[in-house]
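> sequence first, then the predicted structure, then my questions.
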Amino acid sequence: MSKSVLRGLRAAALTGTLVFGSNLGSNLALAAENPIKLGVLEDQSGDFAAATIGKVHAIQLATDEINKAGGIMGRPLELVTYDTQSDNTRYQEFMRRVLQRDKVDVVFAGFSSASREAYRPIVDQFNGFAFYNNQYEGGVCDGHMIVTGAVPEQQFSTLIPYMMQTYGKKVYTLAADYNFGQISAEWVRKIVKENGGEMAGEEFIPLGVSQFSQSIQNIQKAKPDFVVTLLVGTAQASYYEQAASANVNLPMASSVNVGQGYEHKRFKPPSLKDMYVTTNYIEEIDSPKSKEFYAKFKAKFPSEPYVNQEAENSYLAVYLYKQMVERAKSTKRDDIRKIIAMGDVCMDAPEGKVCIDPKSQHMSHTIYLAKVGADHSISFPKVWEDIKPYWLGDAGCDLTKKDPMVQYTPSNPPPKP
Amino acid sequence: MDIATHLFSALYQFGDAFAFLVLSACGLAVIFGMMGVINLAHGEFIMCGAYVTAATVHAGLPLPLGILAGTVVSALVGVVVELVVIRHLYDRPLDTIVATWGLSLIATQGTLILVGSTMAGVGTPFGSVQVGAYSYSIYRIVLFCAALGVLAALYALFNWTRFGVLARATIQVPHMAAALGVDTRLIYSLTFACGAGLAGLAGGLYAPTMTLVPTMGATFIMEAFVTVVIGGADVFLGTAPAGGVLAVVKSVMTSWQGQLFGQIGLLVAVIIVVRVLPKGISGFVLRERT
């Protein structure tokens, strides 16, 4: 109890404007030197908090480990953390603050794609350097950004054909109504068509909606073989319970559930039965690297409800940053991008080996197909190793040559040269 | 598919929307509609009811008792909030906006800090029923019946009991009621507690069907205010028809064009009703409480 209260107090302090250095006490000698400052803008309250508090903790864990081992090039890593409150305007406000006032070397920021697109122009404007450690709808071709999360060619090109082979070719998409859901749904449409299937229906749900009776009936009317659920935020997660209680009983496929919001832990079985998710990490992954990461995480944050894929993305991002800075012997973005351009920035992450693709500055991933059982246990029917984020590069985005700072989609690809 | 299936489906969707609107709004109808306190912490009373319900069910209580516990705890919290904050603001209705908004922020953040970012759900009871091509959750039908029951109970409470008469008298002409020997402070307290308890009841009833997070109250608050603003002062004669009209608009629009249009339809309906029946929020509050 006292531990959770302490954690709570710190969370409360973080919601203010507290700036804290990690391990100041134990590393006084280090701290005397010029620290490397890492800005952390993540939602620690509001609708997305359940999925994102773990990201902050993962960054703290990696930072403590790095500082204990002597920092980056002998310089300690210092976190500048703000709570963005699941609010896009907070992202813009705090992004300006970390770049202008706190003068951080790098920023780790963002959960929802709306928030990323809200802060990205500010990073570009002030010539900052940001990591987006989150799976998303793909397509950001911006030299100021590194994306460590998975993208549609990693999550949907694997998941949708598997589902269509297993369950059938009629697909219904239920997606959150903002850029993430709309563009992801476009990807699903594209892949379903390429594989000779048909869309039985599509519905876009405004963020914050929690009542799904009518949507459930629309799905039953369309009689799909499976439902692609791209629902975001805790309010929309009410769908699973309501669909289960109405006995919809259709397999579900998703790029965001379980791996982000650990719905299989939050809802009573069997409401997530037959949910299939492609994710690059969840705590159930049974490999030595994964077990070690999970144990370290739980040792530092015993009351963490779940270690999700975004926590792993955030954790490995700190180590990738360390590697790049040490190889570049500089924290300047241009020097670091020269290292990325060499194409061999890789590491052994808890999920397996990951590398940064120089053309798009996105990551290759091991993609696990997680299946939720009737008792909400997780099994992994399939694993795809080393899936590259190829779409942007194939479509014509090459950040080693040109930096357009634009987000592309399948219907709005990069212009042909 | 025959006509009966369509009819049942339309009725079910109407009932579902009606239950959500009415149960969300009842507590607010008492606190805002009747007492004139613009209670922006209404969603947090709902969240309180849902959390207490889930916690007691996890502790082993059956669901109906859990819902009762959620209702009672919310009502008690309502008494405390009334004593500490609201009591001092009855003559300043616009200031209640700021005070209750602050309360809602404290409640949301406090819950996040003390209980964590989520709470495990309790599962929806009763299973489903198949009608024609569709299967329906039986619990949603129970919710519709609960909404009707709450409306009937409120009508009885405020029209047939001594407390109801005293409450209406106190709120209409407080000094006259006091002159006649009514303990107006107590009546205000009890009425506020009644509203908070109803919010807790809504939270308890919806707890099995929803994600339990500190911000869950926010998903109720738009529907609640919309219903009460349209409904106006009388708890029963306001909320029931408002819930009915809005439920028709919402279920028809949602089945026709999806959730987004359901929400748009709801807001357009409010604009039209407020324009035609000129009892907007501030005009209504100022008229009732001068």
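Now that the structure is in, tell me what you want to look at.

> how about residue B:45: what's its closest non-neighbour residue?
The shortest distance from residue B:45 to any residue that is not its chain neighbour, by CB to CB, 6 or more residues apart in numbering or on different chains, is 3.5 Å, and that residue is residue B:199. To be clear about C-beta, it is placed using only N, CA and C from the backbone, and glycine gets the same treatment.

> which SS class is the one you found?
Applying DSSP: H, G, I helix; E, B strand; the rest coil to residue B:199 yields a three-state assignment of helix.

> just the pLDDT at it, thanks.
Confidence per residue is given as pLDDT, and for residue B:199 that number is 94.

> how many neighbouring residues does it have?
As a burial measure, residue B:199 scores 37 neighbours (other CB atoms under 10 Å in any protein chain shown).

> surely it is in contact with residue B:52?
No - counting by CB atoms under 8 Å, residue B:199 stays clear of residue B:52, with 11.9 Å between them.

> next, show the common contact partners of these two.
Common contacts of residue B:199 and residue B:52, defined by CB atoms under 8 Å, 6 or more residues apart in numbering or on different chains, comprise residue B:74.

> for residue A:278, helix, strand, or coil?
The assignment at residue A:278 comes out as strand when based on three-state DSSP.

> neighbours around it, how many?
By other CB under 10 Å, 29 other residues sit near residue A:278.

> which residues are in contact with it?
By CB under 8 Å, 6+ apart, residue A:278 lies in contact with A:150, A:154-156, A:158-159, A:255, A:367-370.

> any chance of those residues in JSON lines, with pLDDT and secondary structure too?
What follows is these, written out as JSON lines (pLDDT from 0 to 100; DSSP: H, G, I helix; E, B strand; the rest coil):
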{"residue": "A:150", "pLDDT": "92", "secondary structure": "coil"}
{"residue": "A:154", "pLDDT": "92", "secondary structure": "helix"}
{"residue": "A:155", "pLDDT": "92", "secondary structure": "helix"}
{"residue": "A:156", "pLDDT": "91", "secondary structure": "helix"}
{"residue": "A:158", "pLDDT": "91", "secondary structure": "helix"}
{"residue": "A:159", "pLDDT": "92", "secondary structure": "helix"}
{"residue": "A:255", "pLDDT": "91", "secondary structure": "coil"}
{"residue": "A:367", "pLDDT": "92", "secondary structure": "strand"}
{"residue": "A:368", "pLDDT": "93", "secondary structure": "strand"}
{"residue": "A:369", "pLDDT": "93", "secondary structure": "strand"}
{"residue": "A:370", "pLDDT": "93", "secondary structure": "strand"}
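
> restrict those residues to contacts with chain B.
Cross-checking the contacts of residue A:278 against chain B (CB under 8 Å from any CB of the partner chain) gives no overlapping residues.

> closest one to residue A:390 out of those residues, please.
residue A:154 (9.0 Å; CB to CB).

> before we move on, what's the pLDDT of residue 192?
Here I'm looking at chain A. pLDDT, residue A:192: 92.

> chain B is the one I meant
92.

> what's the distance between it and residue B:181?
Distance of residue B:192 to residue B:181, given as CB to CB, to the nearest Å: 21 Å.

> neighbour-wise, which of the two wins?
Neighbours were tallied for residue B:192 and for residue B:181 using other CB under 10 Å; the higher tally belongs to residue B:192 (25 against 6).

> now the helix or strand where the more buried one lies: how far from the chain's centre is it?
In the assignment (DSSP states H and E), residue B:192 maps to helix B:184-206. Relative to its chain's centre, helix B:184-206 lies at 10 Å (CA atoms, centre = their mean, to the nearest Å).

> immediately after it, which helix or strand?
Using DSSP H and E, the helix or strand that directly follows helix B:184-206 along the chain is helix B:218-231.

> what parts of the stretch 51-200 of chain B come near chain A?
Taking CB under 8 Å from any CB as the criterion, the contact residues of the stretch 51-200 of chain B with chain A come out as B:108-109, B:112-114, B:116-124, B:126-128, B:130, B:133-140.

> quick one: contacts for residue 77?
Here I'm looking at chain A. In this structure, residue A:77 makes contact with A:22, A:35-36, A:38, A:63, A:66-67, A:71, A:318, A:322, judged by CB under 8 Å, 6+ apart.

> that was the other one, I meant chain B.
B:45, B:48, B:196, B:200.

> where does the closest residue to the last one other than its chain neighbours land on pLDDT?
If I follow you right, that is residue B:200. The spatially closest residue to residue B:200, leaving aside those adjacent along the chain, is residue B:74, at 2.4 Å (CB to CB, 6+ apart). pLDDT, the model's per-residue confidence, is 95 for residue B:74.
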